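Asker: Structural data only, the sequence is not supplied:
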C-alpha cells in the first residue's frame with residue numbers, strides 16, 4: 001500500500017520541532033521578566049504617599065486703607081492701591097508653605113517678606129524678632145539663614161504685581177507667629193537673604209488656625 005498521501009514525519013523531525021517550540025516559549029518568558037512583573041503580580045516599589053493640602057491661614061489687606069491688622073510704613077515703596085495677600089498651607093509631611101501675592105507695589109522692584117513673632121504695630125520694630133521655628137540654630141554661624149525662618153523673596157513686574165513662595169520643614173503652632181513684615185530687598189537673588197538690611201514697607205497681622 002502506498003503512504004504518499006498521509007505525510008507522516010519521521011520521529012527525529014517531530015522531536016526537533018518540539019524542542020524548538022519549548023526554546024521559543026522560554027525566551028518569551030525571559031523577555032517578560034525583564035520588561036516587568038507578570039500579569040497579576042504587583043511591583044516591588046510601594047505607591048507614593050499623598051498628602052492633602054490644608055489652608056491654615058489666609059490674610060489680605062488693602063494697605064492704603066489703614067485697615068485694622070495692617071500697617072503701611074513707606075508710601076513711596078508702593079503704588080496707589082497696594083494689596084498684599086498671604087496663604088499659609090499645611091502641605092503634609094510636616095511641611096508648611098507660605099505663599100504671598102502682591103499688587104499695586106513699585107514697578108520692577110524686589111521685596112523680602114519675613115514672618116515675625118509679634119503682631120504689627122505703629123512701627124516695624126513692634127513686630128518683634130524673626131520667627132525661627134523648631135530648628136536648633138544656637139550653633140549655626142551668624143552668616144547662615146536659620147532653616148526654620150520664613151523669608152519670602154519676590155520681585156514685581158511692570159505693573160507692580162508679584163508672587164513669592166517658600167516652604168519650611170516645620171509646622172508653627174498657634175501663637176508662635178504674629179505678623180508678616182514686608183521690606184525692600186537689597187539682597188535680591190541671594191541664597192542668603194538679609195532680613196534686617198531692607199527698608200520696612202508694610203506689615204500684616206498673621207494668625208494660624210492649627
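Answerer: Thanks, I have the structure now. This structure is a prediction, so every number in the text was calculated from the model and none was measured. Residues are numbered from 1 along each chain as shown.

Asker: where in this protein is pLDDT low?
Answerer: 1-51, 134-147, 210 (pLDDT under 70).

Asker: who does the lengthiest strand in it touch, helix- and strand-wise?
Answerer: Secondary structure of the chain per DSSP state E: the longest strand is strand 78-92. Where contact means 3 or more C-beta pairs under 8 Å, 6 or more residues apart in numbering; DSSP states H and E, strand 78-92 is packed against strand 54-62, strand 70-72, strand 95-105, strand 179-184, strand 200-205. (Glycine included, C-beta is placed from N, CA and C.)

Asker: These: which one's closest to residue 170?
Answerer: strand 95-105 (6.2 Å; C-beta to C-beta).

Asker: So what angle separates the directions of the helix or strand just after that closest one and strand 78-92?
Answerer: Next helix or strand after strand 95-105 toward the C-terminus (DSSP states H and E): strand 110-116. Per axes from the mean of the first three to the mean of the last three C-alpha atoms, to 10 degrees, the angle that strand 110-116 makes with strand 78-92 is 50 degrees.

Asker: relative to strand 179-184, how tilted is strand 110-116?
Answerer: Using the same axes, to 10 degrees, strand 110-116 lies at 160 degrees relative to strand 179-184.

Asker: Just put the helices and strands packed on strand 78-92 in JSON lines and tack on distance to residue 161 and mean neighbour count.
Answerer: Listed next are the helices and strands packed on strand 78-92 as JSON lines, based on distance: least, C-beta to C-beta, whole Å; neighbours: other C-beta atoms under 10 Å:
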{"stretch": "strand 54-62", "distance to residue 161": "14", "mean neighbour count": "16"}
{"stretch": "strand 70-72", "distance to residue 161": "17", "mean neighbour count": "22"}
{"stretch": "strand 95-105", "distance to residue 161": "5", "mean neighbour count": "20"}
{"stretch": "strand 179-184", "distance to residue 161": "14", "mean neighbour count": "26"}
{"stretch": "strand 200-205", "distance to residue 161": "15", "mean neighbour count": "25"}
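
Asker: The nearest residue to residue 67 once chain neighbours are set aside: what's it in contact with?
Answerer: Nearest residue to residue 67 in three dimensions, chain neighbours excluded: residue 61, at 5.6 Å (C-beta to C-beta, 6 or more residues apart in numbering). Going by C-beta atoms under 8 Å, 6 or more residues apart in numbering, residue 61 touches 67, 69, 70, 83, 84, 85, 202, 204.

Asker: list the contacts for the nearest residue to the second one once chain neighbours are set aside?
Answerer: If you skip the residues right next to it in sequence, residue 69 has residue 205 as its closest partner in space, 4.0 Å away by C-beta to C-beta, 6+ apart. Contact analysis of residue 205 by C-beta under 8 Å, 6+ apart lists 59, 69, 70, 119, 120, 178, 179.

Asker: Please apply the same query to residue 79.
Answerer: 104, 105, 106, 107, 160.

Asker: and which of the residues you listed is nearest residue 126?
Answerer: Lowest distance from residue 126 to the contacts of residue 79 (C-beta to C-beta) belongs to residue 105, with 22.2 Å.
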